[in-house]
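Undergrad: Here is a sequence together with a model predicted from it:
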Amino acid sequence: MITGWVLLGADFPAFLRWYLVILAVGIGFYPLSSVMFSGFSDKGWVFAKTIGIALSGFVVWLLGCIGVMSFTNAKCIIVTLILIGVCWGIFTIRKETTLPDIDLIILEEMLFLGVFLMWTYFTCFNPHAIGLEKFMDYGFMAAMNRNPALPAKDIWYGTDIINYYYGGQYYGVFIEKLCFVPVKQAYNLYRMSIAAFAFVLPFSIVWQMVADRFAQAKRSSFGAATIGGILAGAGLSMAGNVHYVLYKLFGAFLKLEGWADYQYSSSVRYIGYNPVNEKDLCIHEFPSFSFILGDVHAHMINTMFVLTVVALLYAYVQRMKKMEPKKDAGWREFFLDLINPYFLFCGFFIGLFHWTHYWDFIIYFTVTLFIVIYAAWYRYYRTDRNRAVKTAIWETVIILAVNLLVALPFTLQFKTMVSGIRIAKHHSLPHQMLILWGLPMAVWIVLLIVLVRWFKKAKTEVPKPDIFAAILGLCGFGLILIPELVYVKDIYVGSQARFNTMFKLTYQGFILFALMMSYTFVRVLAHLEEDEEAAANELAYGRRQKGVMTLLGVYATRVITGILLVMVLNAMSDFPGVVKALAGLLLTGVYLVIWFMFEPKIGDRLKEKEGRKTVGIRAVSAMLVLLFGMTLGYMPYSVDAWFGLKTHKNIGIDCTQFLESNYAEDAEAIRWLDENVEGQPICLEANGDSYSEYERVSAMTGIPTVAGWYTHEHLWRSDTTVLDRRNSDIETIYTSKDRRKVLELLEKYEVSYIFVGSCEKKKYGNKMDADFIKKLGTVVFENDTSFVVLI
């Protein structure tokens with residue numbers, strides 16, 4: 001509490017309300033999550049929050065879309081309370097309940113609050129909603145905040161509704177209405193709470209996977225599971241890729257082309273940019289870059305929901321059991337078996353993705369399909385192969401049907417922006433793929449080797465957590481491979497044909513790889529073999545704190561050694577190449593020696609052939625862990641580059657503060673409109689290109705204009721003829737002196753206000769007659785630099 005006041009100052013009450021509302025939603029939906037995640041030690045504590053937000057927000061949106069209910073603070077609260085009442089009323093009837101691990105819940109809540117506070121504090125140094133997609137993101141939120149009807153009008157095509165997957169921004173406004181926080185603060189609180197979810201949700205998933213794997217080996221695991229969870233949270237929400245390691249950390253040592261010009265954005269714009277290939281410009285973003293950059297965009301927001309789907313899939317895998325022939329003899333049993341709450345919930349979330357981030361619908365339907373196939377094989381294959389095939393087919397059909405039904409209110413109004421699939425004409429260079437994806441692919445291969453060796457030795461089925469991690473790796477591999485083969489055709493053509501496809505697919509590939517890698521590291525390096533009982537006993541539940549501290553001490557020593565290795569090598573940047581190579585080999589050897597100093601019975605292992613293989617695998621894994629750890633340096637470097645954490649620059653989380661500096665001539669008029677105009681009447685302003693300074697009025701108020709950012713509307717509307725006509729008509733309104741013609745156009749586009757400020761003067765110059773425009777209606781606001789006319 002005190003720390004929050006000190007760091008956030010006047011913004012702390014808004015931060016606290018936001019956090020407490022999310023906590024209250026989590027408590028409210030905990031009875032439901034405790035059923036769905038009954039096999040989790042925390043009973044799905046963290047996922048109760050995302051499930052509660054998703055369900056209550058969806059019901060409000062659905063009722064709003066069909067015209068039953070308005071989108072107001074009171075209605076959002078009422079619906080949420082009703083659903084919470086249903087949860088506590090129905091799910092607490094269960095007779096058999098087990099208490100969650102309170103220590104784990106406290107740890108998860110502390111992690112969520114701590115990460116949320118950390119990111120919110122960073123935001124105070126650069127909170128502005130300007131640049132890249134921020135005008136669109138904030139504009140959508142502002143539009144939905146001021147319009148009680150759903151869906152809201154398109155801020156840059158005011159006579160029609162938004163034709164984009166706007167669900168992510170909607171959920172931000174939904175939470176804002178629950179906690180009565182101004183949207184200008186909610187914008188940053190929302191994106192920083194997503195960053196907190198992106199840490200604690202993977203923490204929970206991997207924590208449980210590691211705990212289950214250790215329990216299967218009859219070992220306790222709080223320490224190892226905690227380390228695995230922290231690796232997952234950090235690897236997903238804070239890590240960069242190996243490009244950062246090679247070009248920034250080892251840039252001076254390796255002297256790769258372009259290392260001296262490295263910026264934090266270089267790691268997401270590598271293919272097509274270094275070396276330059278103007279025929280194939282691509283982007284391969286990852287979550288930590290998204291959280292730093294500040295866009296509240298669909299792919300970033302949906303992180304909390306896609307991780308919930310992954311958790312639901314693992315919760316199902318965790319609980320599934322082999323079926324005996326006598327238990328599935330009839331159609332009644334078969335039908336009841338198909339009505340699987342896990343797949344129904346996955347169907348709900350995948351349906352939600354049509355509306356929150358359409359690409360994730362395709363991706364996670366496929367991921368779910370892999371789990372469906374694995375589950376059917378696991379449960380039926382050895383007893384009834386026909387039943388296995390039928391179960392997989394029918395469960396896939398049910399998931400597809402549920403997701404299409406959930407998405408129906410959106411898809412009925414949505415006009416697709418996709419024009420089909422095309423064969424990729426350009427491909428990433430081999431060394432680029434190795435730099436970007438070599439680390440997770442190497443870890444995945446290590447996992448597969450370990451599982452094959454384990455299977456040969458144990459002669460039993462591979463444990464379910466291991467299979468689940470391998471499936472995540474397989475899906476991640478597919479997601480990075482697809483853009484090399486095909487791409488989805490949209491408005492991005494020519495040099496950017498693969499741009500969007502690679503962006504959206506590899507983003508999710510990064511997420512799945514982060515989960516797989518963190519589990520694999522602990523599985524290979526901390527899950528010791530059966531003959532190492534003494535080491536495993538350090539993690540006994542009765543001594544969990546000691547186990548955690550013991551492991552942390554061991555890994556801290558290893559990490560410090562790795563950091564020193566990087567520092568020494570960079571200090572030798574001007575040495576001859578041969579000397580640097582020898583030094584690199586020597587220091588790598590020192591690192592491995594220090595790593596294996598803590599390994600029990602290392603001498604006995606090296607005497608046996610199988611033991612040497614095991615040591616070799618662990619040595620490779622140790623090097624991969626070091627490389628993974630280096631990628632975590634991306635976040636502090638990028639945070640410093642983007643936010644510039646200087647105490648005197650802490651200006652709070654209001655994302656509209658830039659108006660007074662960037663739009664000094666317009667700021668007062670824009671704020672007047674925002675405070676005095678209700679609903680979404682159309683306010684005309686000069687149109688401009690995407691990512692330009694234009695559309696500052698509509699973006700900062702949510703009040704729509706006739707036509708806005710051209711490339712975005714081209715993507716959303718496809719037809720440029722209509723857009724060009726609108727742009728021409730806007731120019732006519734601002735420059736013509738034919739009163740009758742201008743009034744006809746104003747009526748055609750349902751214009752209620754005309755805004756004249758810096759952008760209009762810049763675009764139309766002397767062709768615009770300000771006095772003529774003022775006479776078209778009543779001047780409701782005017783100062784020395786801008787004015788607003790009510791038609």
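TA: Arrived safely, thanks for sending. Numbers count the residues shown, from 1 in each chain.

Undergrad: Could you use CA atoms for every contact and neighbour count after this?
TA: OK.

Undergrad: can you point me to the longest helix in the protein?
TA: In the chain, taking DSSP state H as the definition, the longest helix is helix 183-216.

Undergrad: Quick test: name the residue nearest the centre of this structure.
TA: Thr303 (2.9 Å; Cα atoms, centre = their mean).

Undergrad: re earlier: the helix or strand that the longest helix of the chain is followed by vs helix 183-216, what angle?
TA: Next along the chain after helix 183-216, taking DSSP states H and E as the criterion, comes helix 222-237. Computed with axes from the mean of the first three to the mean of the last three Cα atoms, to 10 degrees, the direction of helix 222-237 lies at 140 degrees from that of helix 183-216.

Undergrad: elements contacting helix 222-237?
TA: Helix 222-237 makes packing contacts with helix 183-216, helix 287-293, helix 499-525, helix 544-571 when contacts are defined by 3 or more Cα pairs under 8 Å, 6 or more residues apart in numbering; DSSP states H and E.

Undergrad: other SSEs contacting the helix or strand following it?
TA: Using DSSP H and E, the next helix or strand after helix 222-237 towards the C-terminus is helix 242-244. On a contact count with 3+ Cα pairs under 8 Å, 6+ apart, helix 242-244 meets helix 430-458, helix 609-631.

Undergrad: Out of those helices, point me to the one whose mean pLDDT is lowest.
TA: Of all the helices and strands packed on helix 242-244, mean pLDDT reaches its minimum on helix 609-631 (a mean of 79).

Undergrad: can you give me how far the helix or strand Tyr374 falls within is from the chain middle?
TA: Tyr374 belongs to helix 358-380 when assigned by DSSP H and E. Centroid separation between helix 358-380 and its chain, computed with Cα atoms, centre = their mean, to the nearest Å, is 20 Å.

Undergrad: So which residues make contact with it?
TA: Helix 358-380 has contacts (Cα atoms under 8 Å, 6 or more residues apart in numbering) with 165, 306, 309, 313, 317, 320-324, 346, 350-354, 385, 387-389, 391-392, 395-396, 400, 471-472, 475, 504-505, 508.

Undergrad: Quick one: mean pLDDT over the very next helix or strand once past that helix.
TA: Going down the chain from helix 358-380, the next helix or strand is helix 385-411, by DSSP H and E. Here helix 385-411 scores 88 as its mean pLDDT.

Undergrad: cool, stretch 582-602 as well?
TA: Here the average pLDDT along stretch 582-602 is 67.

Undergrad: What of stretch 216-228?
TA: 76.

Undergrad: next one: stretch 112-120
TA: 95.

Undergrad: again, but for stretch 731-741
TA: 91.

Undergrad: Repeat that for stretch 297-309.
TA: Mean pLDDT, stretch 297-309: 93.

Undergrad: which residues touch that stretch?
TA: Applying Cα under 8 Å, 6+ apart, the contact partners of stretch 297-309 are 47, 50-51, 54, 133, 137, 165-169, 191, 194, 197-198, 201-202, 287, 290-291, 346, 349, 353, 356-357, 360, 364, 504, 507.

Undergrad: In TSV: the helices and strands packed on helix 242-244, plus mean neighbour count and distance to Glu660.
TA: Formatted as TSV, the helices and strands packed on helix 242-244 follow (neighbours: other Cα atoms under 10 Å; distance: least, Cα to Cα, whole Å):
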stretch	mean neighbour count	distance to Glu660
helix 430-458	17	41
helix 609-631	18	38
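
Undergrad: Quick check: which of the ones you listed is nearest to Leu525?
TA: Evaluated with Cα to Cα, these place helix 609-631 nearest to Leu525, the distance being 6.3 Å.

Undergrad: Who are the packing partners of that closest one?
TA: helix 242-244, helix 430-458, helix 499-525, helix 544-571, helix 577-596, helix 602-606.

Undergrad: What ranges does the stretch 601-750 of the chain have for its strands?
TA: For the stretch 601-750 of the chain, applying DSSP state E, counting those that start in this stretch gives strands covering 682-684.

Undergrad: phi, psi of Cys655?
TA: Main-chain torsions, Cys655, degrees, to the nearest 10: phi -80, psi 0.

Undergrad: likewise Asp101?
TA: Asp101 adopts backbone torsions of phi -80, psi 100, taken as degrees, to the nearest 10.

Undergrad: how much space between the closest residue to Val697 other than its chain neighbours and Tyr190?
TA: Using Cα to Cα, 6 or more residues apart in numbering and skipping residues adjacent in sequence, the residue nearest Val697 is Ile670, 5.9 Å away. Ile670 sits 23 Å away from Tyr190, going by Cα to Cα, to the nearest Å.

Undergrad: Next: Gly777.
TA: 39 Å.

Undergrad: Comparing the two, which shows the higher neighbour count?
TA: Using other Cα atoms under 10 Å as the criterion, Gly777 and Tyr190 rank with Tyr190 on top: 24 against 15.

Undergrad: Could you give the separation of stretch 487-499 from the chain centroid?
TA: For stretch 487-499, the distance to the chain centre is 23 Å (Cα atoms, centre = their mean).

Undergrad: Stretch 768-786 now?
TA: With Cα atoms, centre = their mean, you get 44 Å for stretch 768-786.

Undergrad: Can you pull out the residues in contact with that stretch?
TA: 665-666, 669, 672, 734-737, 739, 743, 755-758, 761, 787-791.

Undergrad: Go through that stretch and flag the buried ones.
TA: The neighbour-count check on stretch 768-786 (16 or more other Cα atoms under 10 Å) flags Met768, Ile773, Lys774, Leu776, Val779, Phe781, Ser786 as buried.

Undergrad: Which two among these are spaced furthest apart?
TA: Met768 and Phe781 (18.5 Å).

Undergrad: how about the helices and strands packed on helix 222-237, which one is nearest Ile653?
TA: Among those, the nearest to Ile653 by Cα to Cα is helix 183-216 (5.7 Å).

Undergrad: how about the closest one: buried residues?
TA: Neighbour-count burial for helix 183-216, counted by 16+ other Cα under 10 Å, picks out 183-214.
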